[in-house]
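> The sequence and its predicted three-dimensional model are supplied below.
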Amino acid sequence: MISFYLRISLTYIPLLGLKGFLGLFFIVRFLESNWFVWVTQMNHIPMHIDHDRNVDWVSTQLQATCNVHESFFNDWFSGHLNFQIEHHLFPTMPRHNYHKVAPLVRSLCAKHGIEYQSKPLLSAFADIVHSLKESGQLWLDAYLQK
């Protein structure tokens, strides 16, 4: 980590000056952190997870996450993490191969009657906002209850 910060500083400070470098650094970090939150949470937050019901591992993974529809933009924008189901089932598989196993996972789910959830990107983003609003309301209700 120290090497990264040293190299980036030595590269950009001579080009942009200290103020320019810090401005660029914090703008990039702000954009990157927002992108990261939206991409990682669109597959997790909206899912309704209940108490452990002693179901098999695969079913649990499929209940805990969902995919975002495959498209050139969605694959690029999410770094192939729109295949979140496959990511949970095969965590060490390179992400660019998820689209290859997705049809196999879908057919396995169909064979065993397990729901395989996939949704459009904008629906996934709307689900995040809805889930956060719902969670916020639950917190507010608990906080105001005396």
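Noted; the coordinates are in hand.
> Setting aside sequence neighbours, what's the nearest residue to the spatially most central residue of the chain?
For the chain, the residue nearest the mean C-alpha position is residue 40 (1.6 Å; CA atoms, centre = their mean). Once flanking residues are discounted, residue 40 sits nearest to residue 81: 7.1 Å by CB to CB, 6 or more residues apart in numbering. (Each C-beta comes from the backbone N, C-alpha and C, glycine too.)
> Pretty sure the one you found sits in a strand.
No - using DSSP: H, G, I helix; E, B strand; the rest coil, the secondary structure at residue 81 is coil, not a strand.
> okay, now it: neighbour count?
Counted with other CB atoms under 10 Å, residues neighbouring residue 81 total 19.
> so it touches residue 41, yeah?
No - between residue 81 and residue 41 there is no contact under CB atoms under 8 Å: 10.8 Å.
> Mind listing the shared neighbours of the two?
Common contact partners of residue 81 and residue 41 (CB atoms under 8 Å, 6 or more residues apart in numbering): none.
> mind listing the strands in this protein by residue range?
For the chain, the strands defined by DSSP state E occupy 67-68, 118-119.
> need those strands in a markdown table with distance to residue 45, mean pLDDT and mean neighbour count, can you?
Below are the strands of the chain laid out as a markdown table (distance: least, CB to CB, whole Å; pLDDT from 0 to 100; neighbours: other CB atoms under 10 Å):
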| stretch | distance to residue 45 | mean pLDDT | mean neighbour count |
| --- | --- | --- | --- |
| strand 67-68 | 13 | 94 | 25 |
| strand 118-119 | 13 | 93 | 18 |
